[in-house]
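**Q** Sequence and predicted structure below; questions after.
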Amino acid sequence: MASNQDAWYLSLLGIAEHFRTSNPPNVKHCIQCLQAVFNFKPPPRVEARTHLQLGNILFTYTKNIDLAKTHLEQAWTLSQTIASFDEVKFEAASILAVVYEQLSQSNLSKPILRKAVELSNGNVYWHCRLIFQLSQIHASERDYTSACSLLGFGVEYAEYAMAHYTRVLFLLSKAMLLLIAKRFQEVHPLLQQASLLVEAWQGNPHQKEYLKVFFLVLQVCHYLMAGQIKSVKPSLKQLQQSIQTITQPTWPSDEELTTENMGDMFMWMPKEHLCVLVYLITAMHSMQGGYLDKAQKYTDKALIQIEKLRSKSTVYDQQPILSTFQLLLLEQIIMCRLVMGNKALALQEISQACALCEQHPRLLTTHKAPLHTLLGLYAMSMNCMEAAEVQFSAALQISQERELWTFVHLNLAIVYLRTKREPEFQSLLERINPETLPSASHSLRAAAYYVQGLQSFFQARYNDAKRYLRESLKMANAEDLNRLTSCSLVLLGHIFLSLGNSRESMNMVTPAMQLASKIPDVHVQLWASAVLRDLYRLNCDPGRENEAYVTHCNYSQMLLKDHFTASQLPEHNLIHWTDGDFPVMLPHTTTPSIQRVSNHAGTLALPSSSNVMM
């Protein structure tokens, strides 16, 4: 009788698998074959496994998530009563937890995973996998303490189970979450420990290289989060070399990197995704350092790679991490466009970011504050100061990120300076004081000195302004913060011009212009050319004065043209969005406010300082 049961079960299973692997998959017939198993009143093992298969297929291939959940719940319940049935039991728990997460029911997913972790103590592979999964849920809820505690337990368990590779993965995963939580003092010893373990690695050389990439990604991110653009360069170069190594045609596929130890069958990220991540990190480094052409180059490479990966994926496997990468890349390139004076292009890319968030609501939850910040920067560049203030205020209400708070406060301070709202600026002073800045970022502290210098300049306190700007310049030079260096130099040049010291002014403005051209930062070029024109006039050099005047007019006209184009785009309405659905992109018909921009053409113009803090 048992053999007959095996025969019909295996036959139905084989037919179901045939339908599932057809091109395209015949999901309906596959499900019908599996459901037919229940007509034969199968034994508990077969029943539990069939419920798992049905739940998995319904979840993967259909939108009937409730029915998938029902089958998975039955598989989980049944499998717990069957001895030596780990594979079905723990896979059911794992997939069911994912289903609950999609239904925003983490109150149900966490208890199941905790129970599964408890039951899987004797199964190294599943115990480690379930610990990773449960810590991921805690991390997504920003409960980094619980997540790190679990990963710390994973480190100890993997060491006990002789899963040396997975031990380092747990260690690096914990360091990653501590970085996200900005617990920098705890990150350093973990990275140091991981570095020693990777260097001393005697096992599979391919696994060593993957661990090295993971370690270097965290090390580079640690430097970038601290605003140390120069200090990070050696580590970034090592990371780029490692990613070139693992993307060589001779390198084994991810599937081939399995070991005999079941506890070591994990991978942080596929090499194709690692490649995109390294492009993204390189673009972020270039953006922060003021190498905008390089930032654009790596952003373009990453976006092309994302499209290639998407074209290879099926409708059932959309790889949501690619959308996260795409959004982060858009954030970088938007800031590049604004610095380079391409507001219309930046606005269209902001619109792309909004569309991406509409397609993936979870992205909007995590990236809403940065989106408001980008809209605020765009509004500043368009001289829409009221809209900029509204956007920055919206970002501050949502964000819990200390660095983003500081960044937004610094830009909001510039809004108040440019609109001559001294009381509002004073209310921010404690939050942007470089001596007591809540951020650990070197670049943000340097930027805070610049804002203090800008305020002193507006109040004609030139000695104070020079003191603040020299501090900003010293910090910017120490870490190759080219944009901040050029902004500080041109403002110092403007101050020396106001004091009648044309020689010192020239010594500041000339390198500022050269550096701004290299970045390129059109707003600083506009400002510097105006100062140079007045300097040449004072020095009775009409030839160079006229040359500087023509340069200034060219930059001014280019910015005016781009300003008009952006103001006419339907996406310009996004500056009024603060919550709810994004506005319908209706054509923008109001007369563009370009008067204040055109006024810059004949005066000593300040930069369009929307981007001073970027």
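**A** On my side now, so go ahead. Treat the numbers as computed from the prediction; the structure is a model and nothing was measured. Numbers count the residues shown, from 1 in each chain.
**Q** Residue 47 and residue 148, how far apart?
**A** 39 Å (CB to CB, to the nearest Å). Every residue, glycine included, has its C-beta placed from N, CA and C.
**Q** more neighbours, those two?
**A** Using other CB atoms under 10 Å, the more surrounded residue of residue 47 and residue 148 is residue 148, with 23 against 19.
**Q** For the more buried one, which residues are in contact?
**A** 135, 174, 177-178, 181 (CB atoms under 8 Å, 6 or more residues apart in numbering).
**Q** Just give me the closest of those residues to residue 204.
**A** The shortest gap between residue 204 and any of the contacts of residue 148 belongs to residue 174, at 22.3 Å (CB to CB).
**Q** Name the SS class of that closest one, please.
**A** Here residue 174 is recorded as helix under DSSP: H, G, I helix; E, B strand; the rest coil.
**Q** so what pLDDT did it get?
**A** Per-residue pLDDT puts residue 174 at 96.
**Q** would you list every one of the helices in the stretch 451-600 of the chain?
**A** Along the stretch 451-600 of the chain, counting by DSSP state H, counting those that start in this stretch, helices occupy 462-478, 482-498, 502-518, 522-538, 542-568, 595-599.
**Q** Out of these, flag the one nearest residue 61.
**A** Nearest to residue 61 among the helices of the stretch 451-600 of the chain is helix 542-568 (43.6 Å), distances taken as CB to CB.
**Q** name the element the closest residue to residue 264 other than its chain neighbours belongs to?
**A** Sequence neighbours aside, residue 165 is the residue nearest to residue 264 in space, at 4.2 Å (criterion: CB to CB, 6 or more residues apart in numbering). Assigned by DSSP states H and E, residue 165 belongs to helix 164-180.
**Q** How about residues contacting that helix?
**A** With contact meaning CB under 8 Å, 6+ apart, helix 164-180 is reached by 128, 131-132, 135, 139, 144, 147-148, 151-152, 154-155, 158-159, 184, 186-187, 190-191, 193-194, 197-198, 201, 203-204, 207, 211, 214-215, 218, 221-222, 225, 259, 261, 263-264, 266, 268.
**Q** what sits up against stretch 226-240?
**A** So stretch 226-240 is in contact with 184, 213, 216-217, 219-220, 223-224, 278, 281-282, 285, 288-289, 440-446, 478-481, going by CB under 8 Å, 6+ apart.
**Q** Show me just the buried residues among those.
**A** For the contacts of stretch 226-240, a neighbour count by 16 or more other CB atoms under 10 Å gives the buried set as 213, 216-217, 219-220, 223-224, 278, 281-282, 285, 288-289, 440-446, 479-481.
**Q** next one: phi and psi at the residue positioned nearest the centre of the chain?
**A** Ranked by distance to the mean C-alpha position of the chain (CA atoms, centre = their mean), the top residue is residue 328 at 4.0 Å. Phi and psi for residue 328, reported as degrees, to the nearest 10, are phi -60, psi -40.
**Q** Give me the pLDDT value at it.
**A** Note for residue 328: predicted pLDDT of 94.
**Q** nearest residue to it other than its sequence neighbours?
**A** Nearest one to residue 328, counting by CB to CB, 6+ apart, is residue 280 at 5.8 Å.
**Q** Confirm for me that the one you found is in contact with residue 327.
**A** No: applying CB atoms under 8 Å, one finds residue 280 not in contact with residue 327, separated by 10.4 Å.
**Q** sorry, back to before: give me the number of residues near the residue nearest to residue 264?
**A** 23.
**Q** can you list the residues that contact stretch 491-507?
**A** With CB under 8 Å, 6+ apart, stretch 491-507 has contacts from 450, 453-454, 457, 460, 462, 465-466, 469-470, 473, 508-509, 512, 527-528, 531-532, 534-535, 538-539, 604.
**Q** Can you dump the C-alpha atoms of it in CSV for me?
**A** Provided in CSV are the C-alpha atoms of stretch 491-507 (Å, rounded to 0.1, in the frame of the first residue of the first chain):
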residue,chain,number,x,y,z
LEU,A,491,33.6,84.0,0.1
LEU,A,492,36.9,84.9,1.6
GLY,A,493,37.8,86.6,-1.7
HIS,A,494,34.5,88.5,-1.6
ILE,A,495,35.3,89.6,2.0
PHE,A,496,38.8,90.8,1.1
LEU,A,497,37.3,92.7,-1.8
SER,A,498,34.8,94.4,0.5
LEU,A,499,37.7,95.4,2.8
GLY,A,500,39.6,96.9,-0.2
ASN,A,501,42.4,94.3,-0.1
SER,A,502,42.4,93.4,-3.8
ARG,A,503,45.6,91.4,-3.7
GLU,A,504,44.4,89.0,-1.0
SER,A,505,41.0,88.8,-2.7
MET,A,506,42.7,87.7,-6.0
ASN,A,507,44.7,85.1,-4.1
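**Q** Poorly predicted segments of the stretch 1-150 of the chain, please.
**A** Under the criterion pLDDT under 70, the flagged ranges of the stretch 1-150 of the chain are 1-6.
**Q** How about the stretch 201-350 of the chain?
**A** Looking at the stretch 201-350 of the chain by pLDDT under 70, you get 258-259, 314-318.
**Q** which residues of it fall in helices?
**A** Remark: helices assigned in the stretch 201-350 of the chain by DSSP H, counting those that start in this stretch are 205-225, 233-246, 271-289, 292-312, 320-339, 343-359.
**Q** Reformat the ones you listed as a markdown table; add distance to residue 413.
**A** Shown next, in a markdown table, are the helices of the stretch 201-350 of the chain (distance: least, CB to CB, whole Å):
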| stretch | distance to residue 413 |
| --- | --- |
| helix 205-225 | 22 |
| helix 233-246 | 30 |
| helix 271-289 | 20 |
| helix 292-312 | 24 |
| helix 320-339 | 18 |
| helix 343-359 | 22 |
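**Q** Mind checking those helices for the one nearest to residue 39?
**A** helix 320-339 (37.4 Å).
**Q** Report the distance from that closest one to the chain centre.
**A** Distance, stretch centre to chain centre, for helix 320-339: 8 Å (CA atoms, centre = their mean, to the nearest Å).
**Q** same check, this time on stretch 165-177
**A** Computed by CA atoms, centre = their mean, the chain-centroid distance of stretch 165-177 equals 20 Å.
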